[in-house]
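Visitor: Predicted model and sequence follow; I will ask about them next.
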Amino acid sequence: MAKHWADFQYEIYLNGMTGTVPRLPTDLTRLEELTEQRLGPGPVGYVAGSAGDGSTARANRAALQGRRIVPRMLRDVQERDLSAEVLGRALPAPLALAPIGVLSIMHPEAETAAARAAAAQEVPFVLSSASSTPIERVAEAMGDAERWFQLYWAKDREVTRSFLNRAKASGFSVLVVTLDTPLLAWRPRDLDQAYLPFLHGVGTANYFSDPAFQAGLTKPVHEDPNAAVLHFVGMFADPGKTWPDLAFLRENWDGPIVLKGIVHPDDARLAVDAGMDGVVVSNHGGRQVAGSIAAADALPRVAEAVGDRLTVLFDSGVRTGDDVFKALALGARAVLLGRPYVYGLALDGQAGVEHVIRCLLAEFDLTLALSGHATPGSLGPADLVEQSV
Ligand SMILES: Cc1cc2nc3c(=O)[nH]c(=O)nc-3n(C[C@H](O)[C@H](O)[C@H](O)COP(=O)(O)O)c2cc1C
Ligand SMILES: CC(C)CC(=O)C(=O)O
């Protein structure tokens, strides 16, 4: 019998009756405010902030909330199975943790704690190139658990090649290539606070520890850290890349490759033509193009364009179990969870991230059951209507 994630609710009730209440709220939309109260403006501003006036981040939420579920009755939802096959992997639920860099600004155990939480809940962890913990240390913390590597595709080919080799050697099986960040966007909240983690040397661990990166410096990192940071800022992404460049990644990575940041159906078709295995429909949580299409509005267009020729994943705006339901109904095979797990980490380390994963999946399991579905595979556009809220 498959795991019933919904059982977590009775664990919480029963614990509560003996005086053990969860240290974090079960409504995950409250975590951002609590984290702000706990940590103050700088780092939280970086996580919560987005591009321009924030309209894309708001649109992400509105596009999910503006789609409403139409539940069905009497459909035997006693035995449910949330498991999903994603890129050839059998996952216990259609969820992974999104790649988020610089986690040490939120908690001293940073990526290690988040990765352990993902491993404990059997949810894939997607490690950012811009992590504050090197690839090898995160892998050590994860045992055999499923891990994917997110690539910021550097200007320097040798750095990219080295990152791919390090990720492979450390057991990362899927490559997620982020395409929507060739430049850092205009982010007023960070500009006004003059707060950028990299300028404090956070998020550069994989680069500073890399022989190919070090080869591009005139002095060792410890002798001139500022020069190393500036070198990182100038090379971690490459606005000059075009579609044919993907051949290099295909040649240097044996496993599945997924392109993150796709919102146009034509780009999704180009991903198919380039022999990619998947796309993440995402606008980077509204942090890159202010005024862009909401991710949930892009999702059905992309899903329709590619059919079953590649795997469609989704992120940007997922906060609740019903958001997961809606994303799957709109054509995603699985969703990546972003900011909420970072707030869980900030508030309670590994336990906080596990709490967030369990709450989200319990709520999703219940939404699925109460809407008449026993598996995510039976969800489709007919389960939703568009209705203003
Ligand atoms: C603080 C922060 C750092 C991020 N760092 C990365 C990163 O290093 N690589 C990447 O591909 N996406 C990064 N993202 C984007 C996430 O992977 C994901 O697309 C986004 O958080 C989804 O939006 P949501 O959090 O609003 O749901 C970052 C997002 C945040 C909030
Ligand atoms: C610019 C990156 C290195 C980090 C990131 O993706 C983000 O802050 O959104």
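Guide: Good, I have the coordinates. Ligands and ions are numbered 1, 2, ... in the order given.
Visitor: for the stretch 201-350 of the chain, what spans make up the strands?
Guide: Applying DSSP state E, counting those that start in this stretch to the stretch 201-350 of the chain gives strands spanning 257-262, 278-281, 311-314, 334-337.
Visitor: ugh, wrong one, I meant the stretch 51-200 of the chain
Guide: Under DSSP E, counting those that start in this stretch, the stretch 51-200 of the chain gives strands at 67-69, 84-86, 89-91, 95-97, 125-127, 147-151, 174-178.
Visitor: closest one to A369 among the ones you listed?
Guide: strand 67-69 (12.1 Å; Cβ to Cβ). Where you see a C-beta, it was placed from the backbone N, CA and C, and this is true even at glycine.
Visitor: What residues does the chain have near ligand 1?
Guide: Selection of the chain residues close to ligand 1 by Cβ under 6 Å from any ligand atom yields 46-47, 98-101, 128, 130, 150, 178, 260, 282, 284-285, 287, 315-318, 338-339.
Visitor: Which of these fall within helices?
Guide: Y46, V47, R339 (DSSP state H).
Visitor: want to try CSV for those, with neighbour count and pLDDT as columns?
Guide: Below are those laid out as CSV (neighbours: other Cβ atoms under 10 Å; pLDDT from 0 to 100):
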residue, neighbour count, pLDDT
Y46, 20, 97
V47, 23, 98
R339, 23, 98
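Visitor: Please identify the helix or strand for the residue nearest to V324 when sequence neighbours are not counted.
Guide: For V324, ignoring the flanking residues on the chain, the nearest one in space by Cβ to Cβ, 6 or more residues apart in numbering is F364 at 4.4 Å. Using DSSP states H and E, F364 maps to helix 339-370.
Visitor: Mind listing the strands the following helix or strand past that helix pairs with, and their directions?
Guide: Under the assignment DSSP H and E, the closest C-terminal helix or strand after helix 339-370 is strand 384-386. Partner strands and pairing direction for strand 384-386 (DSSP bridges) are strand 67-69 (antiparallel).
Visitor: picking that back up, does the helix holding F364 reach ligand 2?
Guide: No: counting by Cβ under 6 Å from any ligand atom, ligand 2 is not contacted by helix 339-370; separation bottoms out at 10.4 Å.
Visitor: about what we covered before: burial measure for the residue nearest to V324, as a count.
Guide: Using other Cβ atoms under 10 Å, F364 has 26 other residues around it.
Visitor: A346 versus that one, what's the distance?
Guide: 23 Å (Cβ to Cβ, to the nearest Å).
Visitor: hang on, the earlier thing: wait, which of the strands of the stretch 51-200 of the chain is closest to ligand 2?
Guide: strand 174-178 (7.1 Å; Cβ to the nearest ligand atom).
Visitor: near ligand 2, anything from the closest one?
Guide: No: if you take Cβ under 6 Å from any ligand atom as the test, strand 174-178 misses ligand 2, and the best it gets is 7.1 Å.
Visitor: what's that strand packed up against?
Guide: On a contact count with 3 or more Cβ pairs under 8 Å, 6 or more residues apart in numbering; DSSP states H and E, strand 174-178 meets strand 147-151, helix 246-252, strand 257-262.
Visitor: Adding mean neighbour count, distance to R137 and mean pLDDT, write these out as CSV.
Guide: Formatted as CSV, the entries for the helices and strands packed on strand 174-178 read as follows, by neighbours: other Cβ atoms under 10 Å; distance: least, Cβ to Cβ, whole Å; pLDDT from 0 to 100:
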stretch, mean neighbour count, distance to R137, mean pLDDT
strand 147-151, 25, 12, 99
helix 246-252, 15, 23, 98
strand 257-262, 24, 23, 99
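Visitor: and the ones in helices among the residues of the chain next to ligand 1 as a markdown table, adding distance to R333?
Guide: Formatted as a markdown table, these follow (distance: Cβ to Cβ, whole Å):
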| residue | distance to R333 |
| --- | --- |
| Y46 | 30 |
| V47 | 27 |
| R339 | 21 |
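Visitor: Report the central residue of the protein.
Guide: Note on the chain: the residue nearest the mean C-alpha position is A98, at 1.4 Å, using Cα atoms, centre = their mean.
Visitor: How about it, nearest residue that isn't a chain neighbour?
Guide: L336 (3.8 Å).
Visitor: now that we're looking at H284, which residues does it contact?
Guide: T178, D180, T181, G261, S316 (Cβ atoms under 8 Å, 6 or more residues apart in numbering).
Visitor: Tell me the one of those residues nearest ligand 2?
Guide: T181 (5.3 Å).
Visitor: give me the residue from the stretch 251-389 of the chain nearest ligand 2.
Guide: R287 (4.4 Å).
Visitor: count of neighbours near that residue?
Guide: 24.
Visitor: my guess is it contacts L184, does it?
Guide: No: R287 is beyond contact range of L184, at 9.0 Å (criterion: Cβ atoms under 8 Å).
Visitor: So what's the residue count around S170?
Guide: So S170, with other Cβ under 10 Å, has 18 neighbours.
Visitor: and the closest residue to it other than its chain neighbours, what is it in contact with?
Guide: Spatial nearest neighbour of S170, excluding adjacent residues (Cβ to Cβ, 6+ apart): A139 at 3.6 Å. Contact partners of A139, counting by Cβ under 8 Å, 6+ apart, are R147, S170, G171, F172.
Visitor: quick one: which two of those residues are the most distant?
Guide: Largest separation among these by Cβ to Cβ: R147 and S170, giving 7.9 Å.
Visitor: Give the residues shared as contacts by those two.
Guide: Shared contacts of R147 and S170, counting by Cβ under 8 Å, 6+ apart, come down to V138, A139.
Visitor: low-confidence ranges in the stretch 1-150 of the chain?
Guide: Within the stretch 1-150 of the chain, no range satisfies pLDDT under 70.
Visitor: show me the contacts for whichever residue of it sits closest to ligand 2.
Guide: Relative to ligand 2, the nearest point of the stretch 1-150 of the chain is A130 (3.9 Å; Cβ to the nearest ligand atom). A130 makes contact with G101, V102, Y152, F198, G203, T204, N206, F236, according to Cβ under 8 Å, 6+ apart.
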